[in-house]
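Novice: sequence and predicted structure below; questions after.
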Amino acid sequence: MNIKQTYLILIFAAIGLCSSLSAQNLRGVFRQLAGSTISLRGFEGFETYRIDSTQVAPDGSFALRYEPSDYGMGVLEVRSQIFMVILSGEDILLQGEVLSPPEGVLILQGKQNQQWAQYASEQPRREQTLSAWSFLQQRYGTDSLFVQQQAARQTIEQELVRIRAEDRAFLTSLPAASYISWYLPVRKFMEAVESLLQRPEEIPAAIERFRTLDYGDSRLWKSGMLREAVEGHFWLINQLGIPRSEIYTEMHRSIDLLLQGLQEDELRLNAITDHLFALLEQYSLFEASEYLALKVLNEASCTLDSDLSAQLESYRKMKVGNIAPDILWAAHRYLPAEVKAQKLSELKANYTLVVFAANWCPHCQKEIPRLAARYPDLKARGLEVVLVSLDETPEEFAAFAGSLPFISSCDLQKWNSPVVKAYHVFGTPTFLLLDSDRKILLRPRSTTELETWMKQGGTED
């Protein structure tokens, strides 16, 4: 071996040693888990990933490793049991019989995990006691039987102040640079969101708290709370109890703030936009989903995922108020006897629902029969239906649309169909409601939503 080869071996050995030293150990002894496979997973945005796994030894011991890149929250999994840990760059040592319930796990090493266990033990008791004292405060403040008891009211108020101060003191005692000092206040806030329905006067302040979150912060992405942060944020806005137009104004403001820190981060912008877009569509908040789509398409400085881009582009090209392209019936078609029109623009109807669906689409198999059942009533109210099938053979098209009571057309080109491309369709079923001039009025997700819109006279409120 020459000197150069020896030198290279030493370099690689040193690199390997440094890599090994940078990793941290998560060890434990759980006798009842002997022989089981235990794994450690980390969080990355809306997903989890495997960090390490091993088999628990006969004496119940195990050892796992995690890297600095795993900094954040982790979850131990074994036999459907889970135990959350903070992966903060410190060695962790656990002991117990099983992982669940967490109260039975001793944390023998790992300062931040010990602090978290202490807070997890104490805080629920504080919250329960606060709830009890708050009830008494209300009773002594409003009930004529107790309202004159000034000394008791003062004692109640003092105890409320003391408990809240005790909680703040614990949180402020945590090292400012530690992960737990960021995680605990945010975790506490997330857990309180649902209970705000009982205290609606606090909802606006909670929305502002959501707006101060940095949705590009790696601590949030590694916390397992990103889904709660995005969904809780917009769920609360929808609970404000204000007119729909004002709800949308608030959502648009939140979208602006949420996306601020993501413009230079391609992966995170795509992930959050994709999740939020699907969420808004799921709850029929179409004006907000359209706003999100147009904002990202017009302002994003990084590249969008191609599938996401196609979904958003559909909103730009086919947004409410635009004129939908004309549709010439294809060679494969089923027309009711009274229909003489050869294309969409020749139909004489107050409204036309254009539907893109297919025999191979499971959701279409459920939704299109519902639409067919409601068609006589819809037609009586001045609505016509045009189904554009994405099937690829005449047999599939016939099996799917042959017995439907409305216009059905198929050119057997699936996603390559010129009509599908002209309408920027990216999924089935897709619905677009048009007026007599082919202006897009609504992008409903179902027959039920269409009927609700029509019953309300063409408004969302």
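Specialist: Cool, got the structure.
Novice: use CA for all of it now, contacts and neighbours both
Specialist: Fine.
Novice: dump the residue contacts of residue 75.
Specialist: Contacts for residue 75 (C-alpha atoms under 8 Å, 6 or more residues apart in numbering) come out as 40, 41, 42, 82, 83, 84, 85.
Novice: so is it in a helix, a strand, or just coil?
Specialist: strand (DSSP: H, G, I helix; E, B strand; the rest coil).
Novice: how distant is stretch 365-377 from the center of its chain?
Specialist: Remark: stretch 365-377 is offset 30 Å from the chain centroid, using C-alpha atoms, centre = their mean, to the nearest Å.
Novice: can you list the buried residues in that stretch?
Specialist: Across stretch 365-377, burial judged by 16 or more other C-alpha atoms under 10 Å covers 367, 368, 371, 372, 375.
Novice: by contact count, what packs against whatever helix or strand the second one lives in?
Specialist: Using DSSP states H and E, residue 368 falls within helix 362-380. Helix 362-380 makes packing contacts with helix 447-455 when contacts are defined by 3 or more C-alpha pairs under 8 Å, 6 or more residues apart in numbering; DSSP states H and E.
Novice: got the angle for the helix it packs on vs helix 362-380?
Specialist: If you take axes from the mean of the first three to the mean of the last three C-alpha atoms, to 10 degrees, helix 447-455 sits at 30 degrees to helix 362-380.
Novice: what helices or strands is helix 447-455 leaning on?
Specialist: Short answer (3+ C-alpha pairs under 8 Å, 6+ apart): helix 447-455 packs on helix 362-380.
Novice: I'd like the average pLDDT over the helix it packs on.
Specialist: The average pLDDT within helix 362-380 is 94.
Novice: for stretch 316-332, same thing?
Specialist: Stretch 316-332 comes out at a mean pLDDT of 91.
Novice: what comes up buried for it?
Specialist: Per 16+ other C-alpha under 10 Å, stretch 316-332 contains these buried residues: 316, 318, 319, 320, 323, 324, 327, 329, 330.
Novice: which of the residues you listed fall in helices?
Specialist: Residues of the buried residues of stretch 316-332 located in helices (DSSP state H): residue 316.
Novice: let's have the buried residues of stretch 316-332 in CSV, adding distance to residue 89.
Specialist: CSV is the format used below for these (distance: C-alpha to C-alpha, whole Å):
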residue, distance to residue 89
316, 46
318, 50
319, 49
320, 51
323, 57
324, 56
327, 61
329, 64
330, 63
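Novice: parallel or antiparallel, which strands does the helix or strand just after the helix holding residue 368 pair with?
Specialist: Sequence-wise, the next helix or strand downstream of helix 362-380 (DSSP H and E) is strand 383-389. If you go by DSSP bridges, strand 383-389 pairs up with strand 351-357 (parallel), strand 407-410 (parallel).
Novice: tell me the mean pLDDT over the biggest helix by length in the chain?
Specialist: When the chain is parsed with DSSP H, its longest helix is helix 111-142. Helix 111-142 carries an average pLDDT of 87.
Novice: buried residues in it?
Specialist: Residues 112-117, 119, 126, 130, 133-134, 136-137, 140-141 are the ones in helix 111-142 that count as buried (16+ other C-alpha under 10 Å).
Novice: which helices and strands sit right next to the helix or strand that that helix is followed by?
Specialist: Scanning forward in sequence from helix 111-142 by DSSP H and E, the next helix or strand is helix 150-173. Under the contact definition 3+ C-alpha pairs under 8 Å, 6+ apart, helix 150-173 sits against helix 111-142, helix 179-192.
Novice: what comes into contact with helix 150-173?
Specialist: Residues outside helix 150-173 that contact it (C-alpha under 8 Å, 6+ apart) are 123, 126, 130, 133, 134, 136, 137, 140, 141, 181, 184, 185.
Novice: that older thread, what is the longest helix of the chain packed up against?
Specialist: If you count contacts as 3+ C-alpha pairs under 8 Å, 6+ apart, helix 111-142 packs onto strand 81-87, strand 106-109, helix 150-173, helix 179-192.
Novice: swap in 7 Å and give it another go.
Specialist: Other helices and strands packing on helix 111-142, by 3 or more C-alpha pairs under 7 Å, 6 or more residues apart in numbering; DSSP states H and E, are strand 81-87, helix 150-173.
Novice: how many neighbours does residue 453 have?
Specialist: Neighbours of residue 453 under the rule other C-alpha atoms under 10 Å: 16.
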